[in-house]
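Trainee: what's the 3D shape of this:
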Amino acid sequence: MPQNQPADGRWAEFRSQMPIARTWAYFDHAAVAPLSSPAQDVVLEWCQQACWQGGAAWPQWADRVEAIRGLVARLINASAEEIAFVHNTTAGISLVAEGLAWQPGDNLVTLDNEFPSNVYPWMNLRDRGVETRRVPVADGRVDPDAILARCDDRTRLIAVSWVGFASGWRLNVADLVARAHERGVLVLLDAIQGLGVFPLDVAQTQVDFLAADGHKWMLGPEGAGVFYVRRAHLDRLRPLGVGWNSVVHAHDFHRIALDLRPTAERYEGGSRNMVGILALGASLELLTRMGLSHDKSPVAQRVLEVTDLACQRLEEVGARVVTHREGDHRSGIVVFDVPGRDPAELRRACQAEQVMLSCRAGRLRISPHAYTNDEDVARLIDVIQRR
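Mentor: Numbering: from 1, shown residues only. A predicted model of the protein is given here:
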């Protein structure tokens, strides 16, 4: 795409690469995103190769996976050696939960409105004497002071979401990490609701660990996600799921020696979800062509424009926007309700007319992407008004 292409042309091009846009007004990227055309093409090509070539195509797939590892690294300004592919966000979080050398009396701090995958792995440490401290979140706003106030000299880790799945609040990552590190506390970022839209520079923010599945804002399929571990922490995490691919001599199956790879690939113990990673890479290439990088994101600007418009239109028809839309805390998630209307019933009505959104905790949630346009917003508003 030419660098001087107008912004509206950019988003029209993006929209043309999303087959879902031909029939649906899709406002559910915070749940399960549709695949892009490039991802679809890669899956079909892989299927053809798997059927007609079998293992003969495997080296080609493996080379492509390594190229995608580099793409993910560039997207967050990391080294490829700090990136592992995982099946989902839960798997990445669990690498930290089960890999750190916890001691009885240690604690970690998280939020009381986190997605379950960023709670249960920590609660599961209770039998090792590790306390999970859940900080209340008042009215959807995350208060870093409240998080830090719960830390003490036995706090090993803060585990938080970049964007709240049920609130839409976007965290100032750099500020929290800097203040945590002043106290000697590590930070794990659940980035699934931000990565693919907002820029993140892990070298600048100094995030210690990051996990994100690709099936939301990165427009990939389920079962293909990414895990980042700062190089300095590689030896702090006991590797889990160790297998043939964890060692430096991975393809020498007759040599048995536990010489772990000096990279995050040590966490990829066995066969990977090749087709899922290939499809994820195709969508990430599309997003980078749309301008997404670690230090800037026209994609984010467009998502915020669409969500701002949606909020305005929702309020005009009597809906109550619950998500706080304050400056850099805005995200691609907007939570709202319609007084006197049952949210589950309204969601069913929308879906019946091919307008896709979610219902969370008794409220409606929309999460448009940068290819969403004014006509999609109009379709959403029309259903709400008529139903």
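Trainee: I'd assumed Gly332 was in contact with Val303.
Mentor: Yes. Here Val303 reaches Gly332: they are 4.5 Å apart, a contact under Cβ atoms under 8 Å. (C-beta placed from N, C-alpha, C; glycine too.)
Trainee: So between these two, which is more surrounded?
Mentor: Neighbour count, other Cβ atoms under 10 Å: between Val303 and Gly332, Gly332 has more, with 30 against 26.
Trainee: how near is the more buried one to Asp127?
Mentor: 38 Å (Cβ to Cβ, to the nearest Å).
Trainee: again, but for Gln301
Mentor: For Gln301, the distance to Asp127 - Cβ to Cβ - is 46 Å.
Trainee: Looking only at neighbour counts, state which of those two leads.
Mentor: Gln301 (14 against 6).
Trainee: Give the buried residues for whichever strand or helix holds the more buried one.
Mentor: According to DSSP states H and E, Gln301 maps onto helix 298-316. The neighbour-count check on helix 298-316 (16 or more other Cβ atoms under 10 Å) flags 299-300, 302-307, 309-311, 313-314 as buried.
Trainee: contact partners of the helix or strand following that helix?
Mentor: Next in sequence after helix 298-316, counting helices and strands by DSSP H and E, comes strand 320-321. Defining contact as Cβ atoms under 8 Å, 6 or more residues apart in numbering, one finds that strand 320-321 is touched by Cys311, Leu314, Glu315, Val334, Val335, Phe336, Asp337, Val338, Pro339.
Trainee: rerun at 6 Å
Mentor: Cys311, Leu314, Phe336, Asp337 (Cβ atoms under 6 Å, 6 or more residues apart in numbering).
Trainee: So in that sheet, which strands flank that strand, and in what orientation?
Mentor: strand 334-337 (antiparallel) (DSSP bridges).
Trainee: Pull out the buried residues from the following helix or strand past the strand it pairs with.
Mentor: Downstream of strand 334-337, the first helix or strand assigned by DSSP H and E is helix 343-352. In terms of neighbour count (16+ other Cβ under 10 Å), helix 343-352 has its buried residues at Pro343, Leu346, Arg347, Ala349, Cys350.
Trainee: Leaving out sequence neighbours, find the closest residue to the last one.
Mentor: Spatial nearest neighbour of Cys350, excluding adjacent residues (Cβ to Cβ, 6 or more residues apart in numbering): Val383 at 5.0 Å.
Trainee: Could you give the backbone dihedrals for the one you found?
Mentor: Phi and psi for Val383, reported as degrees, to the nearest 10, are phi -60, psi -40.
Trainee: Contacts only, for it.
Mentor: Contacts of Val383 (Cβ under 6 Å, 6+ apart): Cys350, Glu353, Val355.
Trainee: tell me which element Gly220 falls in.
Mentor: Residue-wise, Gly220 maps onto no helix or strand under DSSP H and E.
Trainee: That one contacts Gly214, doesn't it?
Mentor: Yes. With contacts counted by Cβ atoms under 6 Å, Gly220 reaches Gly214, the gap being 3.2 Å.
Trainee: neighbour count winner among the two?
Mentor: Set side by side, Gly220 and Gly214 show more neighbours around Gly214, with 31 against 27, by other Cβ under 10 Å.
Trainee: Helix, strand or coil: sort out Leu380 for me.
Mentor: Following DSSP: H, G, I helix; E, B strand; the rest coil, Leu380 is assigned to helix.
Trainee: What distance do you get for it to Met18?
Mentor: For Leu380, the distance to Met18 - Cβ to Cβ - is 17 Å.
Trainee: of the two, who's got more company?
Mentor: Remark: of Leu380 and Met18, Leu380 carries more neighbours, 25 against 22, as counted by other Cβ under 10 Å.
Trainee: Just give the nearest non-adjacent residue to the more buried one, would you?
Mentor: That would be Val355: by Cβ to Cβ, 6+ apart, it lies 5.3 Å from Leu380.
Trainee: How confident is the prediction for the one you found, by pLDDT?
Mentor: According to the prediction, Val355 has pLDDT 98.
Trainee: try Arg386
Mentor: The model's pLDDT for Arg386 equals 86.
Trainee: and it, how many neighbours?
Mentor: Using other Cβ under 10 Å: Arg386 sits among 8 other residues.
Trainee: Run through the residues that contact it.
Mentor: Contacts of Arg386 (Cβ under 6 Å, 6+ apart): none.
Trainee: Begin at 278, not 1, for the rest of this chat.
Mentor: Yep, numbering from 278; the last one is Arg663 now.
Trainee: Just give the nearest non-adjacent residue to Ser560, would you?
Mentor: Leu496 is the one closest to Ser560 (Cβ to Cβ, 6+ apart), at 3.8 Å.
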